[in-house]
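Student: starting from these lines, generate the structure:
(2 chains)
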Amino acid sequence: MLKGKFAVLSLVAAALLCLQIAGVDTANSGNVDPCNSSATSPAGVIFACPYGDGDALNVLGLTISVTVKDNVGAGNPIPGVPATDMWLISCNDLLFLCNGSSAITASAATDVNGNTTFTGDLAMGGCDNGGVRVVVQGIVVGAGICADPCVAVKVRSSDLNASGVPDVIDFGTFAGGYPVDPAANDCRDFNNDNKVDVLDFAKFSGHYDDGVTLHRCN
Amino acid sequence: MKRALAGVLVAAIVGFSAGGASADAVPYFQVYFDDASNGSFGETQAFCGEVGHPVYLYVVARNFESWLAAIEYSIDFPPGLMYVGETINPPSQGTMLSIGNSDIGLTVSWSLPRNGFGEPGYLVSTIFAIWTGDCYCQAGPQPIVVGPYPYPVPKTGPSGVRWPDLVELPAVGMTSLLCPGAVSTQESTWGGIKALYR
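Tutor: Residues are numbered from 1 along each chain as shown, chains lettered A, B, ... in the order given. The predicted model follows:
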């Protein structure tokens, strides 16, 4: 009889142990690790407007995929990181982020695997052909490589001088030497066809702030 | 047989006419004169005016049948006309931005799209020019040709940009004329000419 009770207790203990072990798989330290976490995207160019009505990443096939992991070993996924805790910054500090970290945030909180995406438009001014970095709770992550966390999404805006307002100064900049063909990495080549031409001019004018139709940060 | 041939001829003419109708649907730019002097565009042909006197010309975009976000073109002026300046048609709403002018190449874009549908077309610019006197109609008509925006690599013709997808719409640059219906000539000998007065 006593032997039977021990056997039952042993089984219960074993089961609890198993549950604990299983629990370890989903637990995390909560500390975002920049090397274990990653951010990737197809390479490309996106047009940004400070007003926040530029092109959307997902429309151009430039969705940025992010996996957030902690600093334990190879990293455990961190689910439930709020979307507003993840944003983009300029790789070369050349972009004007309207309302700081609100310029663009993740599309949703991280899921059970620590995954989320950036799909929206960028309320930004300036131009950075060096790409963007993903920031999660203040920590830069990207590409799974600690030393090179830039995502190859080049950002070009009608607000060429990164003042927060695409105004007459930007028009002067746009018109200088217009048109250009070929134009490699020209900040005015908004549609990335390696030319600065009437199509880019049309894009510029559609996001020009004349003081009545506003395209500045809001 | 003759009736059959006549039928074929009629069919060919009808087909040609139909082809002409479809050609009319091609987007184009053309220069018009203010022939009635009432401040609006009219004919595509005119005789030269008095030397030093001003003349207004109107550049009109037609048949785009879409909203327009931008246009670009240039105009090749004949010796009889000297470009002085122009007023690009200001939009009633939104902002217009332009680079260059009609003489060297003009590109205009708008913050709010312009109506490129239907008649009478979209008046892009009113050009102020002067008659130079270099206008010898005996030498034949002088063409005023709308061409492509010339820099840096000339395209085949002027163009517009459709809104909202910002697709470039190639257009035809039409030719207007000074000295329309110029006196026709034929070769002759000096003896032949003298013979006219015998």
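
Student: how about the helices in the chain?
Tutor: Chain wasn't specified; assuming chain A. A:2-26, A:168-175, A:198-206 (DSSP state H).

Student: other chain: chain B
Tutor: Assigned by DSSP H, the helices in chain B fall at B:2-24, B:190-195.

Student: hey, least reliable of those helices by pLDDT?
Tutor: Sorting the helices of chain B by mean pLDDT places helix B:2-24 lowest, at a mean of 40.

Student: average pLDDT for stretch A:38-56?
Tutor: Taken as a whole, stretch A:38-56 has a mean pLDDT of 96.

Student: can you give me the end-to-end span of that stretch?
Tutor: 21 Å (CA to CA, to the nearest Å).

Student: could you do stretch A:96-106 as well?
Tutor: 18 Å.

Student: run through who's touching it.
Tutor: Defining contact as CB atoms under 8 Å, 6 or more residues apart in numbering or on different chains, one finds that stretch A:96-106 is touched by A:50, A:52, A:66, A:83-84, A:86-90, A:116-118, A:120-126, A:135, A:159, A:162-164, A:217-218. For every residue, glycine as well, the C-beta is placed using N, CA and C.

Student: need the buried ones from those selected in PyMOL.
Tutor: Those of the contacts of stretch A:96-106 that count as buried under 16 or more other CB atoms under 10 Å in any protein chain shown are selected in PyMOL with:
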select buried, chain A and resi 50+52+66+86+87+88+89+90+116+117+118+120+121+122+123+124+125+126+135+159+162+163+164+217
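
Student: so which of the contacts of stretch A:96-106 are in strands?
Tutor: Applying DSSP state E to those, the entries found in strands are A:66, A:86-90, A:116-118, A:124-126, A:135.

Student: tabulate these (CSV), appending distance to residue B:173.
Tutor: Converted to CSV, those look like this (distance: CB to CB, whole Å):
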residue, distance to residue B:173
A:66, 51
A:86, 52
A:87, 49
A:88, 45
A:89, 47
A:90, 43
A:116, 52
A:117, 47
A:118, 45
A:124, 39
A:125, 37
A:126, 38
A:135, 52
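
Student: between those residues, which is closest to residue B:171?
Tutor: residue A:125 (33.7 Å; CB to CB).

Student: need the contact list for the closest one.
Tutor: Residues near residue A:125 by CB under 8 Å, 6+ apart: A:48, A:50, A:95-96, A:98, A:157, A:159-166, A:217.

Student: with residue B:98 instead?
Tutor: So residue B:98 contacts B:88, B:106-109 (CB under 8 Å, 6+ apart).

Student: show me which residues of chain B sit near chain A.
Tutor: B:69-72, B:94-97, B:99, B:107, B:109-112, B:149, B:151-153, B:159, B:161, B:163, B:166, B:168 (CB under 8 Å from any CB of the partner chain).

Student: switch to 6 Å and redo it
Tutor: Counting by CB under 6 Å from any CB of the partner chain, chain B comes close to chain A at B:69-70, B:72, B:94-95, B:97, B:99, B:107, B:109-111, B:151-153, B:161, B:166, B:168.

Student: buried subset of these, written for PyMOL?
Tutor: The PyMOL command for the buried members of these (criterion: 16+ other CB under 10 Å) is given here:
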select buried, chain B and resi 69+70+72+94+95+97+99+107+109+110+111+151+161+166+168
